[in-house]
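Student: 3D model of this:
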Amino acid sequence: MDDLDLIRERAQAVGFAPAEQLTPARERLLAAARGERPHRSRRWFWAAGATIGLAAAITAVVALAPADQVGIGAGVAHADPVKVLTEAANAALREPAKPPRPDQFLYVKTEYADHRVREIWLSVDGTRDGLLAKDIALPGCHDGKAPYSGPYDPKKKGALEDCRPTPAYHADLPTTADAMLAYLRTIPGGKDSVSTMGKNVLSLADEQALTPASYAALYQAAAKAPGLKALDHVTDGAGRPGVGITWTDPPGPTDPPGFKGIVMVFDAGTHQFLGTEDSAVTVKTFVDEAGQRP
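Tutor: Below is the predicted model:
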């Protein structure tokens, strides 16, 4: 790894301010280095230790100078949760609207912080059998019937029960913030608990598929939730940096100190949904068969 690689790595993880804001801090740093080091140390600083020196200079200018002087990149430091969710809505609207065929499957690959990987294939219209991890069948609802899935009962093994399809693709969800908020409150627990509503938002963003307009409405509705907080410099389950958004009810007596609830992670630049602090949605697309990878 050379000096430029180090600079790129630091820039991606931390973010740079505009040049006109960095200049004063850089000059102060260089003046201090010239004034406090003997000639031999300066030579070492720029020659023998160039790589370490450049990395330290970058860190010092960006991390040690006051934020109002350095001006760390927008969306990285002191992020506003409503603004982040609004930008996430705008990013969703820029996605192409390509509805899948009813006979396709939504494929989602999720990576976790403990290095586990989850793969799932969900029927677009809910009538076909999906898969979880290549070997666990997810029965669809065929002609209003599905295999019995209630409590274990040997007498009902192989029996069918009435069902309604559970589609992975939702083309009929609201496309405005207020209508989406009302919809989220119809999901059990959504109107009584901020945390539950947050889980409902995550569920739709995670292993479900919506139209771009509905995704935009989802994030706009989330921005209306009380108690929103933004967490700077978080990473998702795959280690990708971003901005965390969380909202939760007041901590309960059994919650650990510093309890944050669900933290949804958005890319600080594109504002696309990445996952949570524990999980990362690394692939999400439509495929023609259960078990097929893109």
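Student: Any regions of the stretch 101-250 of the chain where pLDDT drops low?
Tutor: Within the stretch 101-250 of the chain, the stretches with pLDDT under 70 are 189-192, 249-250.
Student: Going along the chain, name the strands of it.
Tutor: Assigned by DSSP state E, counting those that start in this stretch, the strands in the stretch 101-250 of the chain fall at 105-112, 117-123, 130-132, 136-138, 145-147, 160-162, 169-170, 209-210, 229-235, 241-246.
Student: Check which strands are paired with the second one and give the direction for each one.
Tutor: In its sheet, strand 117-123 lies beside strand 105-112 (antiparallel), strand 130-132 (antiparallel), with partners assigned from DSSP bridges.
Student: Could you check it and say which residues are buried?
Tutor: 120-123 (16 or more other Cβ atoms under 10 Å). All C-beta spots, glycine's among them, are computed from the backbone N, C-alpha and C.
Student: and which of those is nearest Leu132?
Tutor: Minimum distance to Leu132 across these is 5.1 Å, recorded for Ile120 (Cβ to Cβ).
Student: Pretty sure Val265 sits in a helix.
Tutor: No. Looking at Val265 with DSSP: H, G, I helix; E, B strand; the rest coil, it is strand, so not inside a helix.
Student: Run through the bridge partners of it.
Tutor: Counting by DSSP bridges, Val265 forms beta bridges with Gly244, Gly275.
Student: State whether it and Gly244 are indeed in contact, as I suppose.
Tutor: Yes. Between Val265 and Gly244 there is a contact under Cβ atoms under 8 Å: 5.4 Å.
Student: out of the two, which sits in the busier spot?
Tutor: Val265 (27 against 24; other Cβ atoms under 10 Å).
Student: Tell me the spacing between that one and Glu161.
Tutor: 38 Å (Cβ to Cβ, to the nearest Å).
Student: re the thing from before, mind listing the shared neighbours of Val265 and Gly244?
Tutor: Common contacts of Val265 and Gly244 (Cβ atoms under 8 Å, 6 or more residues apart in numbering): 234, 277.
Student: For this protein, which segments are assigned as helices?
Tutor: Using DSSP state H, the helices found in the chain span residues 3-14, 19-36, 39-46, 50-59, 67-70, 81-93, 177-186, 194-206, 212-222.
Student: Next one: Pro154 relative to Glu161, how far apart?
Tutor: Taken as Cβ to Cβ, the span from Pro154 to Glu161 is 16 Å.
Student: Comparing those two, which residue is more hemmed in?
Tutor: Glu161 (13 against 5).
Student: still on that earlier bit, nearest approach to Ser203 belongs to which of the strands paired with strand 117-123?
Tutor: Once the strands paired with strand 117-123 are compared by Cβ to Cβ, strand 105-112 is nearest, at 12.0 Å.
Student: Report how many residues lie close to Pro167.
Tutor: 20.
Student: Can you tell me the closest non-neighbouring residue to it?
Tutor: Once flanking residues are discounted, Pro167 sits nearest to Gly126: 4.1 Å by Cβ to Cβ, 6 or more residues apart in numbering.
Student: and that neighbour, what are its phi and psi?
Tutor: The phi/psi pair for Gly126 (degrees, to the nearest 10) reads phi 80, psi 0.
Student: list the contacts for it?
Tutor: 140-141, 165-168.
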